[in-house]
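**Q** here is a sequence together with a model predicted from it:
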Amino acid sequence: GAGVSQTPSNKVTEKGKYVELRCDPISGHTALYWYRQSLGQGPEFLIYFQGTGAADDSGLPNDRFFAVRPEGSVSTLKIQRTERGDSAVYLCASSLRAGTSEAFFGQGTRLTVV
Amino acid sequence: AQKVTQAQTEISVVEKEDVTLDCVYETRDTTYYLFWYKQPPSGELVFLIRRNSFDEQNEISGRYSWNFQKSTSSFNFTITASQVVDSAVYFCALRNTGNQFYFGTGTSLTVIP
């Protein structure tokens, strides 16, 4: 597609369940970012991939959060044992390369943990 | 430490008025990039502009203009002759050499017809 695609657009899950959020970056973009945005706040950095490897995962809040990008394109953000505090919009962005390019964002996945 | 401050939480203007959105940043890096993004109700962040730390030249794009001043660590955004379609949340962001984006808390702009 032309832009960054995230699925699902909305996800409601019960506390304690496992969820996966998917991001399809713009074709050819080597850098991929995950952000989390709580209501009324700016996006908060979670993790950044350059190719297949996580170049910086310092933003992941705890070990319940994990992300992969096995083939350097699609990425999956995985959250184990979800908690109500995980409820937020999870944004994915990609850029042609790290360092100078602007990042293009998807529309996000709204996760609600009940 | 990197930090972006957008002191204006909400702004309302009447259509055709000019409006300036403020952004102040903190960083110890000498090389960094500043960005503005627009987030309409649909939720997607729309890229507006990127400026690197070595380029203080102001930029104008249609009704949009940006004023980058390193001396005051500010990167302000002005919309001239505002329109209802400009209503959105606007985020200022800083990207350092580590490639993380640091976003401000956003300014919600409402343009009243």
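**A** In hand now; what should we look at? Model, not experiment: these values are computed from the prediction. Numbers count the residues shown, from 1 in each chain, chains lettered A, B, ... in the order given.

**Q** can you find the helix or strand in chain A with the smallest mean pLDDT?
**A** Of all helical and strand segments in chain A, the minimum by mean pLDDT, DSSP states H and E falls on strand A:53-56, at a mean of 88.

**Q** ok, then the element right after that one?
**A** strand A:65-68 (DSSP states H and E).

**Q** right, is that following strand up against chain B?
**A** No. Taking CB under 8 Å from any CB of the partner chain as the criterion, strand A:65-68 and chain B are apart, separated by no less than 14.6 Å. Where C-beta positions appear, they are placed from N, C-alpha and C, glycine not excepted.

**Q** check the closest residue to A:W34 other than its chain neighbours and give its pLDDT.
**A** Distances taken as CB to CB, 6 or more residues apart in numbering or on different chains place A:L46 nearest to A:W34, at 4.3 Å, with adjacent residues excluded. On pLDDT, A:L46 comes in at 95.

**Q** A:L46 - that's part of a helix, no?
**A** No. A:L46 is assigned strand when assessed by DSSP: H, G, I helix; E, B strand; the rest coil, not a helix.

**Q** just to revisit the earlier point, mind checking how far the least confident helix or strand of chain A is from the chain centre?
**A** Counting by CA atoms, centre = their mean, to the nearest Å, strand A:53-56 is centred 13 Å from the centre of its parent chain.

**Q** also stretch B:55-75?
**A** Offset of stretch B:55-75 from its chain centre (CA atoms, centre = their mean): 10 Å.

**Q** any bit of it sitting next to chain A?
**A** No. Using CB under 8 Å from any CB, stretch B:55-75 stays clear of chain A, with a minimum separation of 11.8 Å.

**Q** who's in contact with that stretch?
**A** For stretch B:55-75, the external contacting residues (CB atoms under 8 Å, 6 or more residues apart in numbering or on different chains) are B:22-26, B:34, B:36, B:48-49, B:51, B:53, B:76-83, B:92.

**Q** now swap in stretch A:51-58 and tell me
**A** A:30, A:45-49, A:67, A:69-72, A:98, B:98-100.

**Q** repeat that for stretch B:40-53.
**A** The contact list for stretch B:40-53 (CB under 8 Å, 6+ apart) reads A:43, A:89, A:91, A:93, A:100, A:102-108, A:110, B:29-39, B:59, B:61, B:64, B:66, B:68, B:70, B:75, B:77, B:87-88, B:91.

**Q** if you count neighbours, what's buried in that stretch?
**A** For stretch B:40-53, the buried set under the neighbour-count rule, 16 or more other CB atoms under 10 Å in any protein chain shown, comprises B:G43, B:E44, B:L45, B:F47, B:L48, B:I49, B:R50, B:R51, B:S53.

**Q** can you give me the end-to-end span of that stretch?
**A** Stretch B:40-53 has its terminal residues 27 Å apart, counting by CA to CA, to the nearest Å.

**Q** state the mean pLDDT of it.
**A** Averaging pLDDT along stretch B:40-53 yields 89.

**Q** follow-up on the earlier one: direction included, what does the least confident helix or strand of chain A pair against?
**A** Sheet pairing of strand A:53-56 (DSSP bridges) gives strand A:44-50 (antiparallel).

**Q** wait, A:F65 sits on A:L77?
**A** Yes. A:F65 is in contact with A:L77 according to CB atoms under 8 Å; the separation is 7.2 Å.

**Q** can you list the buried residues of stretch B:40-53 in CSV and add secondary structure?
**A** Listed next are the buried residues of stretch B:40-53 as CSV, based on three-state DSSP:
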residue, secondary structure
B:G43, coil
B:E44, coil
B:L45, coil
B:F47, strand
B:L48, strand
B:I49, strand
B:R50, strand
B:R51, strand
B:S53, coil
